[in-house]
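Enquirer: Here you go, sequence then predicted model.
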Amino acid sequence: MFLDRAKIIIKSGKGGDGHSSFRREKYVPAGGPDGGDGGKGGDLIFEVDEGLNTLVDFRHKRKFAAQNGEPGSKRKCSGKNGEDLILKVPEGTIVKDASSGKVIADMSGDNRRQVILTGGRGGLGNQNFATSTMRAPQYAQPGRAGKELEVQLELKVIADVGLIGYPNVGKSTLLSRVSNARPKIANYHFTTIHPNLGVVDLGEGRGFVMADIPGLIEGASEGIGLGHEFLRHIERTRFLIHVVDAAGVEGRDPIEDICNIEKELSAYNQEIRELPQVIAANKVDLIYDASESDNLKRLGEEFEPKGIRVFPISGVSGSGIKALLYYVAEQLEEMDSEPVTFPQEYFPDEELVYENLPYTVEVEEDVYVVEGPKIERMLAFTNLESEKGFAFFQRFLKTSGVLNDLEEAGIQEGDTVRMYGHSFEYLK
């Protein structure tokens with residue numbers, strides 16, 4: 001079973017409650033408070049597992065929660081920390097916030113392990129609240145709640161080169177001939193139902209990873225057939241090989257096929273449409289005289305003036321394939337070798353902690369005053385003197401909606417914003 005999308009609910013562990021107790025010994029009548037602290041809740045962590053290639057493990061189970069921290073106990077004993085929950089995913093998995101679609105983590109490249117939700121902090125025992133005037137505090141702090149979030153998992157295969165084209169044009173045959181991949185091949189439509197990866201080795205340390213993207217059809221960008229399921233796998237590729245049936249075995253026009261698929265790519269993601277590509281005119285072994293082939297001539301006349309090379313090849317006999325592969329390798333060597341990754345857009349530990357706390361925006365003598373527990377708590381935990389801390393605070397103001405509320409209140413560039421003793425000049 002191949003599964004490349006899953007929606008699950010994840011939750012970090014709650015911090016253990018602090019304990020309230022007092023030292024009781026026979027000859028110590030006023031021993032004082034000795035309640036221990038609660039343990040920290042477990043983190044929710046995603047980790048890449050090289051042995052996985054699907055998200056099928058998330059098919060039948062939707063809720064995953066880390067362990068809660070244990071409460072503190074008497075004699076100043078701290079509670080045990082909750083165990084972290086590590087969810088194993090295949091390389092190339094994107095973790096998104098289900099409601100907004102923003103990226104939380106891209107489990108690829110150097111990112112092999114990421115804490116998505118941190119566990120709640122353990123509460124302090126009553127021993128921590130003893131003062132010179134309050135020697136017998138009855139109060140112990142409760143543990144902080146864990147964070148819960150619904151996330152969308154999407155698997156996008158990681159390959160340098162993507163083979164695209166209509167069904168049954170020979171993509172799987174080509175991949176099996178040039179790489180170590182052994183895809184299922186047969187003479188009927190949609191034999192390939194999930195992407196196949198293969199390593200192309202050209203010797204002397206040269207080579208690249210190639211993916212056979214299952215056959216696309218008209219309407220794929222609108223989700224017709226398995227369109228979206230297949231199109232997302234092209235997003236990480238750096239180069240495209242558009243495979244067409246130059247022999248016209250099924251009576252299809254290869255130029256029309258290319259134009260239709262380019263239209264689907266543009267509708268799905270314009271950046272994919274702009275990727276460099278070549279055309280592999282396959283099945284020339286079925287053409288009696290390739291030099292006189294009308295389809296090959298038309299392909300060259302249509303696309304080579306646009307800078308798109310056309311390579312006549314045969315996935316069966318192997319003719320023309322070597323020239324195609326070396327050309328692709330040369331193009332890749334001239335391109336940026338950094339893998340395509342997706343930056344983090346959603347920061348659960350920042351946004352979930354403050355999202356339910358209120359704040360107000362008021363105008364007092366041309367000064368915009370922003371107050372409320374959400375703002376006060378953020379300022380208490382943020383070092384505005386550091387560049388990183390100030391950037392963190394700016395991102396908080398934007399994602400929490402404070403900047404939008406200031407603009408609705410009529411703030412202009414250069415106006416003053418005051419927040420609990422801090423004054424800022426508003427700049428767009």
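Expert: The structure has been received and is ready for your questions.

Enquirer: Okay, and the residue most central in space within the chain sits in which element?
Expert: Among the residues of the chain, the one closest to the centroid is residue 94, at 2.6 Å (CA atoms, centre = their mean). Assigned by DSSP states H and E, residue 94 belongs to strand 93-97.

Enquirer: Next secondary structure after that strand?
Expert: Next along from strand 93-97, by DSSP H and E: strand 103-107.

Enquirer: just to revisit the earlier point, which parts of the strand holding residue 94 are buried?
Expert: 93, 94, 95, 96, 97 (16 or more other CB atoms under 10 Å). Bear in mind the C-beta positions are built from the backbone N, C-alpha and C, glycine included.

Enquirer: what's it packed up against?
Expert: strand 44-48, strand 103-107, strand 148-155 (3 or more CB pairs under 8 Å, 6 or more residues apart in numbering; DSSP states H and E).

Enquirer: Turn those into TSV, columns for mean neighbour count, mean pLDDT and distance to residue 282.
Expert: Shown next, in TSV, are the helices and strands packed on strand 93-97 (neighbours: other CB atoms under 10 Å; pLDDT from 0 to 100; distance: least, CB to CB, whole Å):
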stretch	mean neighbour count	mean pLDDT	distance to residue 282
strand 44-48	20	95	35
strand 103-107	21	91	33
strand 148-155	20	90	28
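
Enquirer: quick one, strands of the stretch 301-428 of the chain?
Expert: Under the criterion DSSP state E, counting those that start in this stretch, strands of the stretch 301-428 of the chain are mapped to 310-312, 360-364, 367-371, 416-419, 422-425.

Enquirer: right, and those strands - which one's nearest residue 4?
Expert: Closest approach to residue 4 among these (CB to CB): strand 310-312, 30.0 Å.

Enquirer: hang on, the earlier thing: would you mind putting the buried residues of strand 93-97 into JSON lines with distance to residue 385 and pLDDT alongside?
Expert: Supplementary listing: those in JSON lines, determined by distance: CB to CB, whole Å; pLDDT from 0 to 100:
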{"residue": "93", "distance to residue 385": "37", "pLDDT": "90"}
{"residue": "94", "distance to residue 385": "35", "pLDDT": "90"}
{"residue": "95", "distance to residue 385": "32", "pLDDT": "94"}
{"residue": "96", "distance to residue 385": "34", "pLDDT": "92"}
{"residue": "97", "distance to residue 385": "31", "pLDDT": "91"}
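
Enquirer: Just flag the most distant two among those residues.
Expert: Using CB to CB, the buried residues of strand 93-97 reach their maximum pairwise distance at 93 and 97, which is 14.5 Å.

Enquirer: just to revisit the earlier point, buried deepest among the strands of the stretch 301-428 of the chain, which one?
Expert: Ranked by mean neighbour count, the strands of the stretch 301-428 of the chain are led by strand 310-312 with a mean of 22 (mean count of other CB atoms under 10 Å).

Enquirer: Just give me how far that one sits from the chain centre.
Expert: 36 Å (CA atoms, centre = their mean, to the nearest Å).
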